[in-house]
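Engineer: Output the structure for:
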Amino acid sequence: VQLVESGGGLVQPGGSLRLSCAASGFTFSTYDMSWYRQSPGKERELVAAITSAGGSTNYAGSVKGRFTISRDNAQNTVNLQMNSLKPEDTAVYYCQAMERLGFGYSIYWGQGTQVTVSS
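Structural biologist: Numbering: from 1, shown residues only. Next comes the predicted model:
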């Protein structure tokens, strides 16, 4: 199983970045996908989530209206379009795959990609 994030980097405030997560080794289309982020000294937080078929999305209040999550089940990818970036968006961004299995869950994480918003 692999989740490989890409697209992070350094961007000025107000700029945009598009993160991608490429999945392999599991049935991508049956997993809900999420993006989390973690900055130094803070807990990992949910940024955005999308259901397995892509019919429903959910966003943290701090990114609503600026970030958009999408997925392509044919390509086994999930993306996070980030616009109007702020310095407080600086963090390592992680891709997560989750499937409910009876009384438990199957969860996979990527290795993370650094996003730095600074002038």
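
Engineer: Ser29 and Ser52 touch, don't they?
Structural biologist: Yes: assessed by CB atoms under 8 Å, Ser29 is found in contact with Ser52 at 6.1 Å. All C-beta spots, glycine's among them, are computed from the backbone N, C-alpha and C.

Engineer: For the residue nearest the centre of the chain, which residues are in contact?
Structural biologist: In the chain, the centroid-proximal residue (CA atoms, centre = their mean) is Trp35; its distance is 2.2 Å. Taking CB atoms under 8 Å, 6 or more residues apart in numbering, we find Trp35 in contact with 19, 21, 46-49, 69, 78, 80, 93-96.

Engineer: so where do the strands sit in the chain?
Structural biologist: For the chain, strands defined by DSSP state E occupy the ranges 2-6, 9-11, 17-24, 32-38, 45-50, 57-59, 67-72, 77-82, 91-101, 104-109, 113-117.

Engineer: I'd like those written out as JSON lines, with mean pLDDT added.
Structural biologist: Shown next, in JSON lines, are these (pLDDT from 0 to 100):
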{"stretch": "strand 2-6", "mean pLDDT": "97"}
{"stretch": "strand 9-11", "mean pLDDT": "98"}
{"stretch": "strand 17-24", "mean pLDDT": "98"}
{"stretch": "strand 32-38", "mean pLDDT": "98"}
{"stretch": "strand 45-50", "mean pLDDT": "98"}
{"stretch": "strand 57-59", "mean pLDDT": "98"}
{"stretch": "strand 67-72", "mean pLDDT": "98"}
{"stretch": "strand 77-82", "mean pLDDT": "98"}
{"stretch": "strand 91-101", "mean pLDDT": "96"}
{"stretch": "strand 104-109", "mean pLDDT": "95"}
{"stretch": "strand 113-117", "mean pLDDT": "98"}
